[in-house]
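Asks: here are the coordinates; sequence isn't available:
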């Protein structure tokens, strides 16, 4: 993350996203493939193989994208666009307790209290099990997160960098999917 100064002197917190040019790998049509779209490949491998040349390949709708195999898609497609839909995987935080994971309160620990001792999870003889969805301690983070209406602060076409207002999901050097909001 960083910051950009606007013309009126306001400081805007932004996340700088490096958008390497993606290559069109395949054009899908509704008649042939039962869905219309474009398959883009990103992060070329250092040693490309016969069947795999890119680390990731994903299918997108064909609007605003080139329609020839082998063409490059750069940050130029974001020119004139005001907001984006950003999808990524949030940072994994491991196994966490209920206080951090679900904002549970703790009992007071003074004057010999007995409130801090926990009992059952709430089930009696019927149904005799813990119901699904009960908030408990467990794995936190590492989930797919989609943020909508993220404003573009600035585009650096020569460096293939997009500055997006606010924080984005994921760790440094994680992969994000940027889509133009219709």
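Replies: Perfect, thanks for sending it. Every value quoted in this text rests on a predicted model; they were computed, and no experiment measured them. Residues are numbered from 1 along each chain as shown.
Asks: low-confidence ranges, the chain, go.
Replies: Within the chain, the segments meeting pLDDT under 70 span 64, 116-119.
Asks: tell me where it has helices.
Replies: Secondary structure of the chain (DSSP state H): helices located at 30-33, 98-102.
Asks: find the residue at the geometric middle of this protein.
Replies: Central residue of the chain (Cα atoms, centre = their mean): residue 88, 1.4 Å from the mean position.
Asks: quick check, that residue in contact with residue 175.
Replies: Yes. The criterion here is Cβ atoms under 8 Å, and residue 88 meets it with residue 175 at 7.0 Å. All C-beta spots, glycine's among them, are computed from the backbone N, C-alpha and C.
Asks: which other helices and strands contact the longest strand belonging to the chain?
Replies: In the chain, taking DSSP state E as the definition, the longest strand is strand 144-156. Helices and strands touching strand 144-156, as assessed by 3 or more Cβ pairs under 8 Å, 6 or more residues apart in numbering; DSSP states H and E, comprise strand 11-18, strand 83-89, strand 161-165.
Asks: coming back round to it: quick check: which of the helices of the chain is buried the most?
Replies: With neighbours defined as mean count of other Cβ atoms under 10 Å, those peak in mean count at helix 98-102, which reaches a mean of 13.
Asks: outside of that helix, which residues touch it?
Replies: Contacts to helix 98-102, defined as Cβ atoms under 8 Å, 6 or more residues apart in numbering, come from residues 93, 104-106, 135-138, 140.
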